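A.B. asks: This is a predicted model, with the sequence first.
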Amino acid sequence: MNERTIYLDNNATTPLHPEVVNELSSSFKLYGNPSSMHFFGREALSRVEWAREQLGLLINADPSEIIFTGGGSESNNMVLKYFLSAAYSKGRNKIVTTVIEHPSVLETAKALEKEGLDVEFIGVDSKGRLKIDELEKAVDEKTALVSVMLANNEIGTIEDIKTIASIVHKKGALMHTDAVQGLGKIKVDVKDLEIDFLSFSGHKFYGPKGVGGLYIKKGQKIGTFIHGGHQEKGLRAGTINGPGIAGLGKAAEIARLELETEMEKLAALRDSLQAGIVNSIPDIHINGDPDNRLPGTLSVSFPGAEGESILLYLDLAGVAVSTGSACATGSLEPSHVLLATGLDIEYAHGSIRFSFGQFNVKEDVDYVLSILPEIIEKIRTMSTFRPKKDNTGDAKHRGPVISRKKDNTGAGRKQVCCSPMHPFDAKHRGSVISQEGAE
Ligand SMILES: Cc1ncc(COP(=O)(O)O)c(C=O)c1O
């Protein structure tokens, strides 16, 4: 491994905060089953309930409105799948969501569609913002649930959930938001946003992996997701993950206390990297909404340089980032999010996501800027995928034949694999690729 390592993949997962590590190690000693009535059980349960309070404080909810799950994917599945049975009983058999959701929403919605639910996927504009006019047309008296992510994991765009929720409620439907990327990074107030269900995950804000939760507004019903014991109000059976939940609670406490300072710090790092890239590398495109995106997220397209090659060269230099596409299996599938914003396929292929976290410093930005221009230049010189400018100044695609297949989420567009310039041999490649879909 390179002597110097810089982690710029905090949207994939974050390192544990040292105070979370302390909380975990002390909570692991509380081995009683939180559901047991004796002293050992009560001792473990008290940490779980403390954590519930911390989550409530972070999102302005009552602790009784929080249930703990095995993470963001589970929370999203739990909400969406409930509406398969519930929707029919109320005569509402439609779910509306967006084309840029995380696969745990997108794939669940597609599975429900196969089961007979009516599902509509709403598009986004070039900055990744939900098309409100499309939403207004789609949500009707048959709609049970609308699920729109708070912030996108790839481009960082923050959706206008408050406006969306008010449209949804006017039509008598319920509002779910996947806040996995937003929690601990931006202010989230469930009352102000008028949300009915909100998913979150510990490992995106310095907490442990495999633990997350769901906010369920008082008065809203949701069905049992895992049958068995009575844990978590009978909605999710299974012995409670006491230490994990306590660690998540500690992460929520830290996030609440440090949110504003962190937001400022991350935005400053992100902006200085963006300015440096704009000043030193020609022909680039910044993805997402520059005026309203997650403070630590920067998605950049470098047309003519395959994202996977850039990732691998940066990895060799000790810098960890992620790309919106991967060529590991020989067929390259660009990010459904980038394509949904209308980005050209070669721009989507040449995209890199830099995501900052609490432990990054200004020197990380300086280091990336000291190596990135040369890496891009090198790849662009070698690439068979180099778009050439024609005399109108438009980038022209030159390279392998592209075959596209489109479904209504945009996720099915496929491309015959390019030939990216890999600094590694094929054997090494599979193990280091960080791809959005793999998160
Ligand atoms: C927006 C979003 N939703 C859901 C998830 C899934 O969360 P978890 O890894 O806790 O299942 C992720 C993880 O990448 C995400 O970015």
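C.D. replies: Sure, I can see it. Residues are numbered from 1 along each chain as shown.
A.B. asks: tell me the phi and psi of the residue of the stretch 201-350 of the chain found nearest the ligand?
C.D. replies: Using C-beta to the nearest ligand atom, the single residue of the stretch 201-350 of the chain nearest to the ligand is residue 201, 3.2 Å away. For every residue, glycine as well, the C-beta is placed using N, CA and C. With angles defined as degrees, to the nearest 10, residue 201 sits at phi -140, psi 130.
A.B. asks: If it is in a bridge, with which residues?
C.D. replies: Counting by DSSP bridges, residue 201 forms beta bridges with residue 212.
A.B. asks: Can you list the buried residues in stretch 172-184?
C.D. replies: 173-184 (16 or more other C-beta atoms under 10 Å).
A.B. asks: is it true that residue 181 touches residue 153?
C.D. replies: Yes. Using C-beta atoms under 8 Å, residue 181 is in contact with residue 153, at 4.9 Å.
A.B. asks: Common neighbours of those two, please.
C.D. replies: Jointly contacting residue 181 and residue 153 under the rule C-beta atoms under 8 Å, 6 or more residues apart in numbering are residue 11.
A.B. asks: And the residue most central in space within the chain, which helix or strand is it part of?
C.D. replies: Geometric centre of the chain, nearest residue: residue 153, 3.1 Å, by C-alpha atoms, centre = their mean. Assigned by DSSP states H and E, residue 153 belongs to neither a helix nor a strand.
A.B. asks: hang on, residue 308 is in a helix, isn't it?
C.D. replies: Yes. Per DSSP: H, G, I helix; E, B strand; the rest coil, residue 308 lies within a helix segment.
A.B. asks: Verify the stated contact: it with residue 315.
C.D. replies: No. Between residue 308 and residue 315 there is no contact under C-beta under 8 Å: 10.4 Å.
A.B. asks: okay, those two: which has more neighbours?
C.D. replies: Legend: neighbour count by other C-beta atoms under 10 Å for residue 308 and residue 315, higher for residue 308 (26 against 20).
A.B. asks: mind listing what's buried in stretch 197-213?
C.D. replies: Neighbour counts using 16+ other C-beta under 10 Å place 197-209, 211-213 of stretch 197-213 among the buried residues.
A.B. asks: swap in stretch 368-382?
C.D. replies: Across stretch 368-382, burial judged by 16+ other C-beta under 10 Å covers 368-369, 372, 375-376, 378-380.
A.B. asks: So which residues make contact with that stretch?
C.D. replies: By C-beta under 8 Å, 6+ apart, the residues outside stretch 368-382 that reach it are 6, 8, 273, 276-277, 280-281, 302, 304-306, 309-310, 313-314, 317, 319, 354, 386, 420-421.
A.B. asks: Can you give the distance from it to the centre of its chain?
C.D. replies: With C-alpha atoms, centre = their mean, to the nearest Å as the basis, stretch 368-382 stands 27 Å off its chain's centre.
A.B. asks: and stretch 234-243, does that touch the ligand?
C.D. replies: No. Applying C-beta under 6 Å from any ligand atom, one finds stretch 234-243 separated from the ligand by no less than 13.0 Å.
A.B. asks: ok, and residue 108, which helix or strand is that part of?
C.D. replies: Using DSSP H and E, the element containing residue 108 is helix 103-114.
A.B. asks: same question but for residue 192, I mixed them up
C.D. replies: Here residue 192 is assigned to helix 190-193, by DSSP H and E.
A.B. asks: Buried residues, that helix. List them.
C.D. replies: Across helix 190-193, burial judged by 16+ other C-beta under 10 Å covers 190, 193.
A.B. asks: Quick check: phi and psi at the residue nearest to the centre of the chain.
C.D. replies: Backbone torsions for residue 153, taken as degrees, to the nearest 10, come to phi -70, psi -30.
A.B. asks: Looking at it now. What's its pLDDT?
C.D. replies: At residue 153, the model reports a pLDDT of 97.
A.B. asks: same thing with residue 422?
C.D. replies: 46.
A.B. asks: Residue 439 now?
C.D. replies: Predicted confidence (pLDDT) for residue 439: 65.
A.B. asks: mind listing the helices for this structure?
C.D. replies: Secondary structure of the chain, counting by DSSP state H: helices at 18-27, 39-59, 72-89, 103-114, 132-138, 161-170, 190-193, 242-280, 307-316, 336-340, 345-349, 362-382, 426-432.
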